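A.B. asks: Here is my input; please provide its structure:
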Amino acid sequence: MDTLLAENKRPHYLPLLVKAWEKAIGMPELHYTFPKPQMNSVSHFFAWVRWARERISFLGDEVSAVASPSGELYPMFTVEFQEMMLGFVLDDYSPGLITRIINAEWYDFMVKHRGENHVLFKVLRAFPHFAELVIKTWEARVRAPTPLRYTLPAYVKHFHPQRYVTLFLYLNNRTKIGGETVFPYSLDRYSDEKIVREGMDECSSGLAV
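C.D. replies: Numbers count the residues shown, from 1 in each chain. Purely as a prediction, here's the structure:
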C-alpha cells in the first residue's frame, strides 16, 4: 500500500482497487464515495480558457482585436500563452501585491525561472487563488467588456487538454490508414441507420468515426 500511494507511483489505482473489493463483497451498504480532489488553480485556468474562447466567439466585434482569434492575447492552452501571462503578472503588479497572494519564496522562484516551461502551472498548483490574479491581468490587458469578465466558480472538474489532442491525432491517423474507432457510450449519431459490425457487440452501438 505504501508503494501504491507513494509520490510518482500509481495512487489513481486506489479507487479501482476499492471498487473491485466492493464488487467482490456485493454489499451496497459498504459502497464508498471518494471525496472530490482538492482544487488547484490549474483547473480554474483551463476552465477560464475554454470559457473565454467561447465568449469571444459569441461577442464577436465587441471584443478588442488583440483578444480576437487572430490577436496575440487570444486565450490558448499553449505553454507560450502560459509564459506570456506569467510575464504580464510580474510586469503589471508590484512584488508586495504578488507576495500577499503567494509568498516571497515563490515570487523569487517566478522571477528566477521566468520564461521557462510550466512555471505558471507550478504556482497555480500551490496557490488556489493565483488564477484569479492571472485572469484579471488578462482582462485588464485586453480591456475586456463586462460580458468577458470571469467569475471563478467554487469548483470545476479538472481535465487534461493534452488528452483531447492525443485523441484527435489518433483519429486523424485512422483516416489515413483506414478502419474506424467506435465510442460505444456516445449519444451522438451520424444517422439513425442501424449498423451491425462483426466482433464485439458494443461495436454496433454508439458513434463510429
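A.B. asks: what ranges of this protein fall below the confidence cut-off?
C.D. replies: 1-12, 36-40, 158-209 (pLDDT under 70).
A.B. asks: So which residues of it form strands?
C.D. replies: Using DSSP state E, the strands of the chain run over 182-183, 207-208.
A.B. asks: And Glu54, how far from Val42?
C.D. replies: 19 Å (CB to CB, to the nearest Å). Using the backbone N, CA and C atoms, a C-beta is placed for each residue, glycine as well.
A.B. asks: Please disregard the earlier target; I meant His118.
C.D. replies: 10 Å.
A.B. asks: go on, Val18?
C.D. replies: From Val18 to Val42 the distance is 26 Å (CB to CB).
A.B. asks: Compare Glu54 and Val42 and say which is more crowded by neighbours.
C.D. replies: Remark: of Glu54 and Val42, Val42 carries more neighbours, 20 against 10, as counted by other CB atoms under 10 Å.
A.B. asks: Could you report the neighbour count for the closest residue to the more buried one other than its chain neighbours?
C.D. replies: Spatial nearest neighbour of Val42, chain neighbours left out: Leu124 (4.7 Å); criterion: CB to CB, 6 or more residues apart in numbering. Close neighbours of Leu124, defined as other CB under 10 Å, add up to 23.
A.B. asks: And for the one 4 residues further on?
C.D. replies: Pro128 is surrounded by 16 other residues when neighbours are defined as other CB under 10 Å.
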